[in-house]
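Novice: attaching a predicted model along with its sequence, questions to come.
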Amino acid sequence: MKDSPRRRTRARKVALLLGMLVVMYAAMELILFAAVSIRFGRVFSFTDMEARRREVDISDPFGMGDVPTRVRVRREVNHPYMGYVYDPAVEESSPYGISDVSPVQPRRADAVVIAIFGGSFAQDVAYVMGDALAEQLKPHFPGKELIVVKSAIGGYKQPQQLMALNYFSALGGQFDIVINLDGFNEIALPALENLPQTNPFFPRQWHLRMRMVPDREFLASVGKVRFLDSAASRWADLFYTGPLRYSVTANTIWRIGDQLLYNAMMAERAKLPQMGSGADDYAATGPPIAFDNDGDLYTALARMWAESSYQMHGLARARGFRYFHFLQPNQYLDGTKPMGAQERAVAVREDHPYAASVRNGYPVLRELGEELRRRGVNFVDLTHVFADTRETLYRDNCCHVNRDGLRIVVAAMTKSITAQIAR
């Protein structure tokens, strides 16, 4: 039976409507493609969007999304001298809550003890490249065993490295080479995690560490951060597979939603430093300190960093070991590494709270580093160590690099150390 004229007319209308929708969708895709490209100053890339979505991670119960998974705090305990260490009953560490070998090593004629101090960047170097570091130094110590003491924990900042070195030395630890790889935490963490109510020179989030029983407000805020983090992950999952991942419109919708969730999470997370164990609890806040402006803050933070290093240098001279201080690189210091679009999508977030601290504080660190060198410290500025490397090295939007990046850092460190040994 032939279709009636009415049915054919209806079919043509449906086909025309579908065609119009396809044309409208295609036009929307082109318009958004152009608009997004102009807004962000580079051609829209599905690869960039995928890289952004890979940043979202739900295994982060306390909203510390800028800390790499391997070194995220699962069980830290307060320490009377070093601020905090890992709980050896839960984490894999020595009985001292730090390093996989004891940080209290006696001096031996047949061994060279190398201790690495710092935060999570130094921790990555110690655990991922510690053996490589030892191998590169071994030819300069023929016939000797090289022992690497990993005295670095994520979030450590001066004077924690100084306190740790003093403590281990007082307990009888005797090192041959001490490497201090730091700078980022000292500048980036205090403004976000300590101030305004906690002394910036106290360990990170000290007021939260002093909290014995979290109150309802604190738990509710942590819960909101966790919920928003999880929501961002589920939102990203919708665009991982299927046709949506290849749609400019869909990716734009995802990016807007992701930014809204990120902003809400950072706003909620910013409340946590205000929730100490009590606004007037001296054990949590320490001595009050105020700064007239950001310049004074970064100068004070850099001064603590430099003076702590100089005291480590003095202890080294007194105890008969070599001390080497390295300023770690960071992607937010402009001009220190050429980046392609894919690496930039993972490594740089312009609204990241650490970015301003690095750009304002690192120049002061570099200036005081030169002063340390004039005072006799073996100081090396590694901020431009990636200046000639176009390959992808940064693996997150905080401060951490992949194995290739760590390999470059270790090569620069060993070059400096061996040159000093040769002298």
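Specialist: Great, that's in hand.

Novice: tell me the SS of residue 98?
Specialist: Here residue 98 is recorded as coil under DSSP: H, G, I helix; E, B strand; the rest coil.

Novice: residue contacts, it?
Specialist: The contact partners of residue 98, by Cβ atoms under 8 Å, 6 or more residues apart in numbering, come to 82, 85, 86, 150, 151, 152, 153, 164. In this view, the C-beta of every residue, glycine as well, is placed from N, C-alpha and C.

Novice: and it, backbone torsions?
Specialist: Phi and psi for residue 98, reported as degrees, to the nearest 10, are phi -150, psi 140.

Novice: cool, and residue 219?
Specialist: Residue 219 adopts backbone torsions of phi -60, psi -40, taken as degrees, to the nearest 10.

Novice: strands of the stretch 151-300 of the chain, residue ranges please.
Specialist: Assigned by DSSP state E, counting those that start in this stretch, the stretch 151-300 of the chain shows strands spanning 177-182.

Novice: where along it do the helices fall?
Specialist: For the stretch 151-300 of the chain, applying DSSP state H, counting those that start in this stretch gives helices covering 160-170, 184-193, 206-209, 216-237, 248-269, 282-285, 294-319.

Novice: now the last one: buried residues?
Specialist: Of the residues in helix 294-319, those buried by neighbour count under the rule 16 or more other Cβ atoms under 10 Å are 297-302, 304-306, 308-310, 312-313, 315-316.

Novice: kindly report the same for the first one.
Specialist: Within helix 160-170, the residues scored as buried using 16+ other Cβ under 10 Å are 160, 161, 162, 163, 164, 165, 166, 167, 168, 169.

Novice: which pLDDT value belongs to the second one?
Specialist: As summarised for this prediction, residue 161 has a pLDDT of 98.

Novice: the one 3 residues further on now?
Specialist: Reported pLDDT at residue 164 in the predicted model: 98.

Novice: burial count for residue 284?
Specialist: Here the count is done by other Cβ atoms under 10 Å, and residue 284 has 20 residues near it.

Novice: low-confidence regions, the stretch 101-250 of the chain specifically.
Specialist: 212-215, 240-242, 244-245 (pLDDT under 70).

Novice: can you give the domain ranges for this structure?
Specialist: 1-41, 75-211+277-422 (automatic domain parsing).

Novice: related to what we said a few turns ago, and of the helices of the stretch 151-300 of the chain, who's closest to residue 16?
Specialist: Between residue 16 and these, the tightest spacing by Cβ to Cβ is seen for helix 248-269, at 22.1 Å.

Novice: could I have the CA atoms of that closest one written out in CSV?
Specialist: Taking C-alpha atoms only, helix 248-269 is exported to CSV below (Å, rounded to 0.1, in the frame of the first residue of the first chain):
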residue,chain,number,x,y,z
VAL,A,248,32.9,21.0,21.5
THR,A,249,29.5,21.8,23.0
ALA,A,250,29.6,18.9,25.5
ASN,A,251,33.2,19.6,26.5
THR,A,252,32.4,23.3,27.0
ILE,A,253,29.5,22.3,29.2
TRP,A,254,31.8,20.0,31.2
ARG,A,255,34.4,22.7,31.5
ILE,A,256,32.0,25.2,32.9
GLY,A,257,30.5,22.7,35.4
ASP,A,258,34.0,21.6,36.4
GLN,A,259,35.1,25.2,37.1
LEU,A,260,32.0,25.8,39.2
LEU,A,261,32.6,22.7,41.3
TYR,A,262,36.3,23.6,41.6
ASN,A,263,35.5,27.1,42.7
ALA,A,264,33.0,25.8,45.3
MET,A,265,35.5,23.3,46.6
MET,A,266,38.3,25.8,47.0
ALA,A,267,36.0,28.3,48.7
GLU,A,268,35.0,25.5,51.2
ARG,A,269,38.5,24.4,51.6
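
Novice: does that helix pack against any helices or strands, and if so which?
Specialist: Where contact means 3 or more Cβ pairs under 8 Å, 6 or more residues apart in numbering; DSSP states H and E, helix 248-269 is packed against helix 5-40, helix 46-55, helix 216-237.

Novice: need these in JSON lines (columns: distance to residue 98 and mean neighbour count).
Specialist: Shown next, in JSON lines, are the helices and strands packed on helix 248-269 (distance: least, Cβ to Cβ, whole Å; neighbours: other Cβ atoms under 10 Å):
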{"stretch": "helix 5-40", "distance to residue 98": "42", "mean neighbour count": "12"}
{"stretch": "helix 46-55", "distance to residue 98": "29", "mean neighbour count": "17"}
{"stretch": "helix 216-237", "distance to residue 98": "26", "mean neighbour count": "17"}
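
Novice: what's the closest of those to residue 330?
Specialist: Residue 330 lies closest to helix 46-55 among the helices and strands packed on helix 248-269, at 17.2 Å (Cβ to Cβ).

Novice: and the domains of the chain, which is most packed in?
Specialist: Ranked by mean neighbour count, the domains of the chain are led by domain 75-211+277-422 with a mean of 19 (mean count of other Cβ atoms under 10 Å).
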